[in-house]
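generate a structure from the sequence data that follows.
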Amino acid sequence: RDWSSDVCSSDLAGPRVQGPSPCGGGILADSVGNPVTLPGLKLEIFTLCESAADYGGKLCILGGFDRIHAQETPLVLPRCAVVARLRVHRIEEGDHKLRMTIADEDGKSIVPGIEAQVSVRFLQDLNSATVNLILQVNGLKLERHGEFTIDLAVDGIHQGSLPLYFSPPPQSQAGTGLPP
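Numbering: from 1, shown residues only. Prediction:
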């Protein structure tokens with residue numbers, strides 16, 4: 001499996017992926033279980049796609065999907081990308097730890113967890129800025145049909161989940177040559 005990542009920004013100076021592993025407003029509850037939304041960091045975009053690129057802060061996403069149809073297992077996806085766009089406010093300036101996992105429906109990781117450090121520095125006098133994250137995934141192997149999940153946490157706080165459904169082709173499309 002080959003992982004590569006790009007951490008890009010439109011309004012920030014010098015975000016970088018650091019550490020031994022390639023890279024790869026949260027919701028909390030108060031003491032009585034009421035949801036509490038954190039100010040600051042917000043996940044604006046989180047998607048699985050065929051490919052993505054960042055051109056000077058312009059995030060280009062091609063072929064977003066959440067399901068795959070194939071009869072044969074295991075299935076190896078030659079290439080795909082997980083994309084996130086985070087909005088950060090000035091109070092969030094500094095270093096942040098990102099963690100992404102991909103797991104099967106039993107919660108078992110199908111790839112090692114991806115961790116990265118992102119350093120957020122504001123250059124301009126803005127109240128907020130964005131950080132674009134692109135994780136290129138080459139050779140993702142899905143052993144069996146089922147539901148998979150891609151999860152993202154920032155500073156230990158869960159920010160979002162994506163489902164990935166892998167199933168045989170629907171009967172109405174089997175043998176028709178139509179794309180799933």
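
okay, CA-based contacts and neighbour counts for the rest of this
Fine.

low-confidence ranges, this structure, go.
Applying pLDDT under 70 to the chain flags residues 1-40, 172-180.

in it, which spans are strands?
2-9, 27-29, 35-37, 42-55, 58-64, 67-69, 75-89, 94-103, 114-120, 128-142, 146-154, 157-167 (DSSP state E).

need these in TSV with mean neighbour count, can you?
Shown next, in TSV, are the strands of the chain (neighbours: other Cα atoms under 10 Å):
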stretch	mean neighbour count
strand 2-9	19
strand 27-29	13
strand 35-37	12
strand 42-55	18
strand 58-64	15
strand 67-69	15
strand 75-89	19
strand 94-103	18
strand 114-120	21
strand 128-142	20
strand 146-154	19
strand 157-167	18
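
bridge partners for the closest residue to Q136 other than its chain neighbours, pull those for me.
Nearest non-adjacent residue to Q136, counting by Cα to Cα, 6 or more residues apart in numbering: A81, 4.4 Å away. Taking DSSP bridges as the rule, A81 bridges to C49, Q136.

what sits against A81?
48-52, 134-137 (Cα atoms under 8 Å, 6 or more residues apart in numbering).

do you know how far the residue nearest to the spatial centre of the chain is from K42?
Nearest residue to the geometric centre of the chain (Cα atoms, centre = their mean): V82, 4.2 Å. Distance of V82 to K42, computed by Cα to Cα, to the nearest Å: 17 Å.
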